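A.B. asks: sharing a model prediction with you, sequence too.
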Amino acid sequence: MTGGGAVVEAGELMRRAASAGGLLWRDWGDDYIVYQPSSGETHVFNQTTALILERLKQGPASLEQVLVWIVRLLELGPQELALDHLRIAAKRLDELGLIEWVEPAPARP
């Protein structure tokens, strides 16, 4: 598992950290101003970063699953959102303590 912004290994899933539950959001067009009561910090998120947290409300997901969900939601073409952009956003959310990385459960024999 990763932590503190380490490199994501294949097969890892993201989930919302408990600290993401109490976020206070303000929509400013293309950006979101987000107050994090657990740290007392205010952040500016772009739409991609905000959508990662929104998707993780449904449960843990891989970067690839989040990418597919965002592309469908925003009706984007397959090349309009790069997985690398999601990695950067997820790394920042990890550094802020808003997501956690978990290993998927082993497959049943």
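C.D. replies: That came through fine.
A.B. asks: all helices for the chain, in order.
C.D. replies: Remark: helices assigned in the chain by DSSP state H are 47-56, 63-73, 83-95.
A.B. asks: what about Pro78, how many residues nearby?
C.D. replies: For Pro78, the count of nearby residues is 8 (other C-beta atoms under 10 Å). To be clear about C-beta, it is placed using only N, CA and C from the backbone, and glycine gets the same treatment.
A.B. asks: wait, isn't it in contact with Val68?
C.D. replies: No - with contact defined as C-beta atoms under 8 Å, Pro78 does not count as touching Val68 (9.7 Å).
A.B. asks: neighbours of Leu98, just the number please.
C.D. replies: 27.
A.B. asks: do the same with Leu74
C.D. replies: Leu74 has 12 nearby residues by other C-beta under 10 Å.
A.B. asks: re the thing from before, single out the most deeply packed of the helices of the chain.
C.D. replies: Among the helices of the chain, helix 47-56 has the highest mean neighbour count (mean count of other C-beta atoms under 10 Å), at a mean of 20.
A.B. asks: can you state the direction angle for that helix and helix 63-73?
C.D. replies: 110 degrees (axes from the mean of the first three to the mean of the last three C-alpha atoms, to 10 degrees).
A.B. asks: list of residues touching helix 47-56?
C.D. replies: 14-16, 20, 23, 25, 30-32, 34, 45, 61, 65-66, 69-70, 73-74, 81, 85-86, 89-90, 92-93, 98-99 (C-beta atoms under 8 Å, 6 or more residues apart in numbering).
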